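Enquirer: Need coordinates for the following:
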Amino acid sequence: MSSIGWIDFDEKERERAQRLMQLFTEQEARDELGLGAIRDSIADHLFPGTSTVQTRLRYMLFVPWIFSRLSRQRNANQIAEQIRTDQIRLRDALVAGKENNGVIGVNAGPKLKRLPASVYWSGLETWGIRRFSGSIDAYAASMPSWPNDAGKDHVDDDHGASRSTPTPWHPRLPPVPKGMLDKASFALSDDEAEFIVDRLVDSNPDSLLTFLAQKGGHAKSDHIWTHPHVSDFPNRMRRLVEHASIFSEAMYGAALQYNLQLSQLRGKEEWIEDYKKQIAEWQQDIDLVRLKRWSIEDFWQEIRHPAHQVLDPTRRFVSEWTELLQISGALKRDRARAQSLVKERERRLKKGQSRFTNRTARDRWKGSSGAYRLQYRWSQARRHLQDLTRG
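Expert: Below is the predicted model of the structure:
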């Protein structure tokens with residue numbers, strides 16, 4: 001008999017792997033050309049602690065509230081079951097509170113698989129709300145052994161001296177609302193909103209998310225670079241947003257070219273005409289003057305992030321694609337070179353599963369893969385800022 005197990009020697013690596021596995025089901029994670037590390041580096045600079053599966057801001061409080069209510073008098077399995085049960089109850093409470101936008105598991109009910117805690121766990125640490133450094137499972141496993149005074153900043157030991165006791169959550173966490181698991185809403189109180197802003201200032205003082213949260217306003221712009229107050233952003237963030245905008249526009253062309261080539265291989269005339277039309281619109285919209293002035297060296301320097309490694313083949317593809325756009329007038333010439341770059345890039349990434357060489361994989365293709373402009377989690381950050389403003 002054989003089995004597969006997890007060697008749990010590094011909680012941070014485990015969380016990172018779990019987050020990576022979750023990415024496979026997220027829309028913006030459709031990364032056919034291997035640009036995810038660049039996208040996520042920029043997103044983590046601009047909007048740290050966010051993810052594409054987050055919905056509403058108050059979950060950043062609901063999750064620690066649920067965990068802070070747990071009883072240490074139970075064993076690890078009982079605690080883990082209570083964590084799940086209370087998150088299902090929270091879902092029901094939000095429905096009872098007439099919340100109809102952003103409730104995690106609103107349709108799944110008790111069968112919910114992706115629970116709020118797994119969605120927000122990493123962000124809670126990034127924002128300084130969670131101080132326990134392990135995973136959710138590690139939290140449940142270690143909780144029965146915690147001292148009764150865990151959670152207090154200072155207690156007296158047997159000799160009357162003051163000592164510190166680790167606390168799993170920030171000591172200024174707002175109190176749990178009465179009846180939270182019976183009826184709940186996403187509306188933040190003034191104290192709750194202030195707490196979140198304070199945590200952002202303490203944990204990520206230089207991020208754009210913190211800057212916008214302090215300003216107390218939000219915008220309905222589709223992309224962060226079309227924000228009405230982009231000229232007021234801090235200098236470094238404004239530069240990064242400019243880089244993000246150019247990179248998104250340039251790589252959108254590569255994504256469209258990829259989808260066009262697959263459509264041609266499938267012989268789908270309707271798809272072919274649609275992508276040709278989108279490419280023509282992209283060519284009309286792209287700012288070639290700005291693109292030609294763009295410094296790729298400055299770009300690599302600005303986006304560097306300790307959590308993401310951009311490999312040399314990815315750098316080469318981006319550099320070669322950008323250079324091609326600059327000299328070809330956004331693919332108005334040298335289409336053959338564009339086709340070759342995209343095809344070779346996907347083949348190197350997917351190897352035997354490349355849609356260009358694997359007929360079965362190509363036949364499973366539904367006609368669209370990553371054919372959109374990168375947003376860098378702005379839609380999630382924008383929703384959080386809306387919730388914060390209402391608070």
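Enquirer: elements contacting the host helix or strand of residue 240?
Expert: For residue 240, the enclosing helix or strand under DSSP states H and E is helix 235-266. For helix 235-266, the elements it packs on are helix 36-46, helix 208-215, helix 269-285, helix 288-293, helix 296-303, helix 312-328, helix 335-350, helix 359-364, judged by 3 or more CB pairs under 8 Å, 6 or more residues apart in numbering; DSSP states H and E. From N, CA and C alone the C-beta is placed, and that goes for glycine too.
Enquirer: how about those helices, which one is nearest residue 119?
Expert: The closest of those to residue 119 is helix 36-46. By CB to CB, the value is 15.6 Å.
Enquirer: what angle sits between the closest one and helix 312-328?
Expert: Orientation of helix 36-46 against helix 312-328 (axes from the mean of the first three to the mean of the last three CA atoms, to 10 degrees) gives an angle of 90 degrees.
Enquirer: ok, residues contacting helix 36-46?
Expert: With CB atoms under 8 Å, 6 or more residues apart in numbering as the contact definition, helix 36-46 has outside contacts at 23, 28-29, 31, 50, 207-209, 224, 237, 240-241, 243-244, 247, 303-305, 307-311, 314, 318, 374, 376-378, 381.
Enquirer: So which residues of the stretch 101-250 of the chain form helices?
Expert: Per DSSP state H, counting those that start in this stretch, the stretch 101-250 of the chain carries helices over the ranges 116-126, 136-142, 190-203, 208-215, 235-266.
Enquirer: Buried residues, the third one. List them.
Expert: Looking back up the chat, that one is helix 190-203. 192-193, 195-197, 199-200, 203 (16 or more other CB atoms under 10 Å).
Enquirer: and what of the fourth one?
Expert: Applying a neighbour-count criterion of 16+ other CB under 10 Å, the buried positions in helix 208-215 are 208-213.
Enquirer: Can I get those residues in CSV including pLDDT and distance to residue 275?
Expert: Below are the buried residues of helix 208-215 laid out as CSV (pLDDT from 0 to 100; distance: CB to CB, whole Å):
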residue, pLDDT, distance to residue 275
208, 97, 33
209, 97, 34
210, 97, 39
211, 97, 38
212, 96, 35
213, 96, 39
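Enquirer: picking up where we left off before, quickly compare the helices and strands packed on helix 235-266 and say which is most buried.
Expert: Among these, helix 36-46 has the highest mean neighbour count (mean count of other CB atoms under 10 Å), at a mean of 22.
Enquirer: Can you list the buried residues in whichever helix or strand comes after that helix?
Expert: The element immediately downstream of helix 36-46 (helix or strand, assigned by DSSP H and E) is helix 59-68. Buried residues in helix 59-68, counted by 16+ other CB under 10 Å: 59-67.
Enquirer: again with stretch 238-247
Expert: Within stretch 238-247, the residues that count as buried by 16+ other CB under 10 Å are 240-247.
Enquirer: roughly how far is it from the heart of the chain?
Expert: Centroid separation between stretch 238-247 and its chain, computed with CA atoms, centre = their mean, to the nearest Å, is 18 Å.
Enquirer: And the buried residues of stretch 238-247, which is closest to residue 134?
Expert: For the buried residues of stretch 238-247, the nearest to residue 134 is residue 240 (31.6 Å; CB to CB).
Enquirer: mind putting the helices of the stretch 101-250 of the chain in CSV, distance to residue 356 included?
Expert: Below are the helices of the stretch 101-250 of the chain laid out as CSV (distance: least, CB to CB, whole Å):
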stretch, distance to residue 356
helix 116-126, 35
helix 136-142, 40
helix 190-203, 44
helix 208-215, 38
helix 235-266, 7
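Enquirer: so which of the buried residues of stretch 238-247 would you say is closest to residue 270?
Expert: Taking CB to CB as the measure, residue 270 sits nearest to residue 247 out of the buried residues of stretch 238-247, at 30.1 Å.
Enquirer: Pipe the buried residues of helix 190-203 into TSV and attach pLDDT and distance to residue 86 per row.
Expert: Shown next, in TSV, are the buried residues of helix 190-203 (pLDDT from 0 to 100; distance: CB to CB, whole Å):
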residue	pLDDT	distance to residue 86
192	98	19
193	96	24
195	98	21
196	98	21
197	97	27
199	98	23
200	98	26
203	98	26
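Enquirer: which residues touch residue 137?
Expert: With CB under 8 Å, 6+ apart, residue 137 has these contacts: residue 80.
Enquirer: do the same with the one 4 residues further on
Expert: Residue 141 sits next to residue 76 when contact means CB under 8 Å, 6+ apart.
Enquirer: Show the model's pLDDT score for it.
Expert: We have a pLDDT of 93 for residue 141.
Enquirer: What distance do you get for the nearest residue to residue 348 once chain neighbours are set aside to residue 325?
Expert: Counting by CB to CB, 6 or more residues apart in numbering, residue 348 lies nearest to residue 313, which is 6.6 Å off, once chain neighbours are set aside. Per CB to CB, to the nearest Å, residue 313 is found 19 Å from residue 325.
Enquirer: Do I have it right that residue 58 meets residue 195?
Expert: No: with contact defined as CB atoms under 8 Å, residue 58 and residue 195 do not form a contacting pair (11.3 Å).
Enquirer: Touching, residue 337 and residue 328? I think so.
Expert: Yes: with contact defined as CB under 8 Å, residue 337 counts as touching residue 328 (7.4 Å).
Enquirer: Low-confidence ranges, this structure, go.
Expert: 1-30, 148-166, 217-218 (pLDDT under 70).
Enquirer: Mind doing that once more with 50?
Expert: Low-confidence segments of the chain (pLDDT under 50): 1-12, 14-15, 17-28, 153-165.
Enquirer: Show me how it divides into domains.
Expert: 58-187, 232-364 (automatic domain parsing).
Enquirer: what would those domains look like in CSV with distance to residue 45?
Expert: Formatted as CSV, these follow (distance: least, CB to CB, whole Å):
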stretch, distance to residue 45
domain 58-187, 12
domain 232-364, 6
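Enquirer: Relative to residue 386, which of those is closest?
Expert: domain 58-187 (10.1 Å).
Enquirer: what residues are up against residue 201?
Expert: Applying CB under 8 Å, 6+ apart, we find residue 201 in contact with 210, 214.
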